[in-house]
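> Sharing a sequence plus its predicted fold:
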Amino acid sequence: MIEIPYPLATERLVLRRFSTDDLDAYHRYQSLPETARYLYGGPRSYAQCMERIGHYVEGTFERPGDWATFAIERKDRPGMIGEIALKWNSGGKPEVGVPGRFGELGWTLAPEAQGHGYATESARAVLELALGPWGFHRVEARLDARNTASAALCERLGMQREGVLRDNMYLKGEWTSEAVYATVRNPNAF
């Protein structure tokens, strides 16, 4: 089990555990077609958002396949503006004393919160946590290759574009390509 340090503070943000009080704010942006444009699913209904919030509130980070999910909130203004999550994947059978962990980072922000650097600031905090104290060897982000804003965010984080999986998913009535960005832990940095 990995202990999640709720809340995690950055210069302008608080990354905290989800609360049932977040449901309305979460639904407001998750129900929008522009939010879902580059996501695997479509806009979410209120019931779908309720189910996801319930999972986030009760979620644990105990084993591969689990997600550490944070609600993003500005320090100067209460109310959730987005979420960031890290999936714990297994890097295979670890050798004695060597953690076999790698992660997948993902984020979604409400439209009014985009373009202010909040995604970069929160992603940097979670990435540093994953590669530092949690000892993940690798963290990657997988995104729709057309999502230039998320690609730019990955590059600001120092992640390298490893490639594009051309037409590897059929989503929302069309073939789409997936770009993969990643960074690998530098043991001398921590």
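Good, I have the coordinates. The shown structure was predicted, so the numbers you read here are calculated from the model rather than taken from an experiment.

> where in this protein is pLDDT low?
Along the chain, the model assigns pLDDT under 70 to residues 92-99, 187-190.

> the strands in this protein, which residues?
Using DSSP state E, the strands found in the chain span residues 8-9, 13-16, 67-74, 77-90, 101-109, 138-144, 160-171, 174-184.

> Those strands: which one's closest to Y38?
If you check each of these against Y38 by CB to CB, strand 138-144 wins as the nearest, at 4.0 Å. Any C-beta I mention is one placed from the backbone N, CA and C, and that applies to glycine too.

> which residues are contacting the closest one?
By CB atoms under 8 Å, 6 or more residues apart in numbering, the residues outside strand 138-144 that reach it are 38, 86, 91, 102-106, 127, 130-131, 150-151, 154, 159, 162, 176-185.

> just to revisit the earlier point, need the strands of the chain in TSV (columns: distance to G115 and mean neighbour count).
Rendered in TSV, the data for the strands of the chain read as follows (distance: least, CB to CB, whole Å; neighbours: other CB atoms under 10 Å):
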stretch	distance to G115	mean neighbour count
strand 8-9	22	15
strand 13-16	15	20
strand 67-74	14	22
strand 77-90	12	18
strand 101-109	9	21
strand 138-144	17	20
strand 160-171	22	12
strand 174-184	20	16
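
> got those strands as JSON lines, with distance to S122 columns?
As requested, those are exported to JSON lines (distance: least, CB to CB, whole Å):
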{"stretch": "strand 8-9", "distance to S122": "9"}
{"stretch": "strand 13-16", "distance to S122": "6"}
{"stretch": "strand 67-74", "distance to S122": "5"}
{"stretch": "strand 77-90", "distance to S122": "5"}
{"stretch": "strand 101-109", "distance to S122": "7"}
{"stretch": "strand 138-144", "distance to S122": "13"}
{"stretch": "strand 160-171", "distance to S122": "20"}
{"stretch": "strand 174-184", "distance to S122": "16"}
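
> Grab the nearest non-local neighbour of the residue nearest in space to the middle of the chain.
What sits nearest the mean C-alpha location of the chain, by CA atoms, centre = their mean, is G106, with 2.4 Å. Setting aside the residues directly before and after it, G106 is nearest to A85 in space (CB to CB, 6 or more residues apart in numbering), at 5.2 Å.
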